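Student: Build me a structure from this.
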Amino acid sequence: MEFPTTRMRRLRKNAKIRNIVRETKLEKDDLIYPIYFKEELKGDEKEEISSLPGEFRYSLDSGVEFAKKLEAKGLKSIIVFGIPLEESKDEIATPDYSATGIVQKAVRRLKKETDLVVITDVCLCQYTSHGHCGMIVENDDTDDGIEILNDETLPYIAKVAVSHAEAGADIVAPSDMMDGRVGAIRRALDDEGYTNVMIMSYSAKYASAFYEPFRVAACSSPHAGDRKSYQMDPANAVEAIRECALDVIEGCDFLMVKPALPYLDVVRMVRDEFMLPLVAYNVSGEYAMLMAAIEKGFLTERAITESLLSIKRAGADLIITNFAPYLLLNDVIE
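Tutor: Numbering: from 1, shown residues only. This next block holds a predicted model:
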C-alpha cells in the first residue's frame, strides 16, 4: 500500500463511483416522523410551533392528511405525541389512558387510513397537572423538594400502553425512564392479549438541554423541579449499557438512545453490545439548532443529511427525526 500504487482518490473521482462505494446510506425506511396532535385544534387547523421552524401541531384531520402525504413519498413509520386540553390534566394523567384521548383517536385514524407503522410515545408528562413523568410527592430530602415515585407510577404507564394497543398501535414507546416500566408494560400487554404489540424502549434517555424545543411543542415542561432524578446524567456512558441490558431482560423489542448527535459514542456502544434493532432520536434541539444555522446562512441544507448519516454510521438502524418531511417532500433521499 504505497503511493502511487494505492491512490484513495480513485474511489472519489465522480458521483457514480462515490455512490457505489458508499459505506453508509440514509434510506426512507430508516425514518420515523414525530407528529404532534393537539386536541384543541379542529377541522383542518394546524398551529405553527415557534421552537421548531417548519413544524406544526395538528388537528386529527390535518395531521392524518399530512401523514398520508408523507406516506405517499415513502414514509413507513410515525410516532404519535398528544397534547390534551389543558383543563383535562390532573395529577394522575387521566386523559393519557382514556379510550377517547387524543393519541387513541389519532392511532385509530392512522391505522384506518394509512399503512404506516404506528408508534406511540408512552409517558405522563403532557397529561399531568405538574408536568412530570410520574406520580409526585413532596420530599425535603430531594434536590428540589419533589420526589417522583417509581413503583407507584408503573401501573399508570402500563395503563397508557394498553390503551394505545387497544386503539391499534403497532409499537408502544415508553419514554418516562421509570425503573421496571418495560416489564410492567410487557406483563400488562400480555395479560390483555396484546402479545404481538412491540415495545420500543427509550432505554438510554439523558437529562438533556436539547429537549427544550420539544417541551414547547408538547406543552410538557415540569411546573417545578427537573427530571434529573429519573433521566440519565449526560456524563455517564457505561450506565447506558446497564439501562439497555435491563430493558432487554424485561422484554423490549427495540432499544433507543436519546438524544442522538451529542451521544453518538453511546449509540456505538449500544450497537456493539446488543443485537436488537437500535433507534436514535434526533431530538428537537438538534433540529432547531441546524434550522437556525441554515436560516442564518451559517450552514447549508447539506448539514441535515450529513448529521443524519453520522447517526446511521454510529450504528442506528432507525432515526426519529423532524427532518423527515424535508427529506421526503424534497426527494433528498431515495
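
Student: Please count neighbours and contacts with C-alpha atoms only from this point.
Tutor: Will do.

Student: From residue 307, how far out is residue 296?
Tutor: Taking Cα to Cα, to the nearest Å as the measure, residue 296 falls 18 Å from residue 307.

Student: Could you list the low-confidence segments of the chain?
Tutor: 140, 220-225 (pLDDT under 70).

Student: Neighbour count for residue 296 and residue 307, which is higher?
Tutor: Shown here are residue 296 and residue 307; by other Cα atoms under 10 Å, residue 307 has more neighbours (16 against 10).

Student: list the contacts for that one?
Tutor: Residue 307 makes contacts with residue 261, as judged by Cα atoms under 8 Å, 6 or more residues apart in numbering.

Student: Please, which helix or strand holds it?
Tutor: Residue 307 belongs to helix 302-314 when assigned by DSSP states H and E.

Student: Buried ones in that helix, by neighbour count?
Tutor: 304, 305, 307, 308, 309, 310, 311, 312, 313, 314 (16 or more other Cα atoms under 10 Å).

Student: Stretch 256-270 too?
Tutor: 256-261, 263-264, 266-270.

Student: which residue ranges form the strands in this structure?
Tutor: With DSSP state E as the criterion, the chain has strands at 31-38, 46-48, 56-58, 77-83, 117-122, 135-138, 146-149, 171-174, 198-199, 204-205, 255-258, 278-282, 318-321.

Student: what's the closest non-adjacent residue to residue 18?
Tutor: Distance criterion Cα to Cα, 6 or more residues apart in numbering; nearest residue to residue 18, sequence neighbours excluded, is residue 12 at 5.3 Å.

Student: how deep is the one you found tucked in, by neighbour count?
Tutor: Other residues lying near residue 12 total 13 when counted by other Cα under 10 Å.

Student: you'd agree it is up against residue 20?
Tutor: No - the criterion here is Cα atoms under 8 Å, and residue 12 misses it with residue 20 at 10.2 Å.

Student: how far away is the residue nearest to residue 332 when sequence neighbours are not counted from residue 53?
Tutor: Using Cα to Cα, 6+ apart and skipping the chain neighbours, the partner closest in space to residue 332 is residue 326 (7.6 Å). Going from residue 326 to residue 53 by Cα to Cα gives 12 Å.

Student: before we move on, what about residue 227?
Tutor: In terms of Cα to Cα, residue 227 sits 26 Å off from residue 53.

Student: so what's residue 137 up against?
Tutor: Going by Cα under 8 Å, 6+ apart, residue 137 touches 146, 147, 148, 149.

Student: Residue 227 and residue 53: which is more packed in?
Tutor: Just comparing residue 227 and residue 53: by other Cα under 10 Å the higher neighbour count belongs to residue 227, 18 against 13.

Student: which residues touch the more buried one?
Tutor: Residue 227 neighbours (Cα under 8 Å, 6+ apart): 132, 207.

Student: For residue 162, see how far away it is.
Tutor: Residue 227 is 25 Å from residue 162, by Cα to Cα.

Student: ranges for the helices of the protein?
Tutor: Listed in chain order, the helices of the chain (DSSP state H) span 15-20, 60-72, 102-113, 154-167, 181-191, 212-218, 238-250, 264-273, 284-296, 302-314, 324-329.
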